[in-house]
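Novice: Would you be able to build a 3D model of this:
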Amino acid sequence: MSSLLYLFPTIMSSTKRPKASTIGTPIYHRKRRNWEDDRDLLTELLAVIKKLDGPYDYFSPNIKGFARKVEFLEKQGFEENPDAYFLAMWVRERLSDLLIRQGSYNLHVHPIEIPADINAVIKLEEKKATKTGNEGQPNISLAHLFPNPKLRAFALERVQMLHRGDLIAYLSSLVARERESLLSSSASIMDLIHICEHKLNLRKLAVRKRFTVGETDLWVPSLSLGVEVRDSWNANEEIEIIRVLSDTNFRLRAMNLCLVSPDDLSDNAFLKLREIEKRGVIENLSVIRIGDFGNYLDQLIANQNAGD
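Specialist: Numbering: from 1, shown residues only. Below you'll find the model as predicted:
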């Protein structure tokens, strides 16, 4: 082996080795794997900023503003926090600039320039990350679309993962998926349930989703009302429908039962459902279309008030 080194000293010495800067720095300085990387990066930088013999003037307004922001994020929690996501993204960009400019850096020695308005930095990073406000694209704020921070953080992850930051493409895919789901029978049931819930909420009526075997889809305690939703007619399901309604009567002592169908259900199918009501097997049952559900509720409320 020694003879080989003697014969080929130039070849061995010219072999490139990885720079220490890319080995010595933590991975979370360079890339984000999850929210914990954002937390580790920002808290590490905050600790450096607070060091009396560190590279930062802690009494500078810019530095104090940055420190307060990170401390606020700590109180909020870093998980599913969009501000933490964007601020850590900005810090990584600045560290990358240091690496390009100097070839290496030490966070405890080499400071990054902290701007006065950290919130403006976060908003700019959001705009860059979601590619909005650029030429030919509308200026859409992720914060306006998703006011809930946890929901916004989830949307942000999906935008980056699936559409490389293209918010418009993400929204288009959501609409396309919803359109597909609306064409499926199972989603049609859920849409009817949501419409029923909306009409109940407009009247400030508390509702419980049951989804329990042998009970109606929705239960409205104040009206003692069970609501079952059906979007089609199948003779083989008639016995099941009657059993669900009967069991709800027995278990919950329902005063009112309502079987709700779509407005666009064919007249023939709707009449088949109405026959269950007309036979009088279940005396407190009303079979209606979704468009009449609001009037039905108003009548129940009026009857209840009159009884009081």
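Novice: how about the nearest residue to residue 64 once chain neighbours are set aside, what does it touch?
Specialist: Using C-beta to C-beta, 6 or more residues apart in numbering and skipping residues adjacent in sequence, the residue nearest residue 64 is residue 58, 6.9 Å away. All C-beta atoms are positioned from the backbone trio N, CA, C, and that covers glycine. Residue 58 sits next to 49, 50, 52, 64, 67 when contact means C-beta atoms under 8 Å, 6 or more residues apart in numbering.
Novice: Would you mind listing the two of those residues that lie farthest apart?
Specialist: 52 and 64 (14.4 Å; C-beta to C-beta).
Novice: With neighbour numbers in mind, choose between these two.
Specialist: residue 64 (14 against 5; other C-beta atoms under 10 Å).
Novice: pLDDT score for that one?
Specialist: Note on residue 64: pLDDT of 93.
Novice: Then the one 5 residues further on?
Specialist: Reading off the confidence values, residue 69 has pLDDT 95.
Novice: and the end-to-end length of stretch 251-264?
Specialist: With C-alpha to C-alpha, to the nearest Å as the measure, stretch 251-264 spans 32 Å from end to end.
Novice: contact partners of it?
Specialist: 188, 192, 196, 214-216, 219, 223-231, 241, 245, 248-249, 269-270, 273, 276-277, 282, 284-291, 293, 296, 300.
Novice: Residue ranges in the stretch 151-300 of the chain under the pLDDT threshold?
Specialist: Scanning the stretch 151-300 of the chain for pLDDT under 70 picks out 161-165, 176-187, 210-213.
Novice: What are the boundaries of the strands in it?
Specialist: 208-209, 218-220, 225-229, 256-261, 285-289 (DSSP state E, counting those that start in this stretch).
Novice: how big is the angle separating the third one from strand 256-261?
Specialist: Just to be clear, that refers to strand 225-229. Per axes from the mean of the first three to the mean of the last three C-alpha atoms, to 10 degrees, the angle that strand 225-229 makes with strand 256-261 is 20 degrees.
Novice: In strand 225-229, which residues are buried?
Specialist: For strand 225-229, burial by neighbour count (16 or more other C-beta atoms under 10 Å) applies to 225, 226, 227, 228, 229.
Novice: excluding its backbone neighbours, what's nearest the last one?
Specialist: If I follow you right, that is residue 229. Among residues not flanking residue 229 along the chain, residue 192 sits closest, at 4.6 Å (C-beta to C-beta, 6+ apart).
Novice: tell me the domain ranges of the chain?
Specialist: Per the record, the chain has its domains at 13-170, 185-303, by automatic domain parsing.
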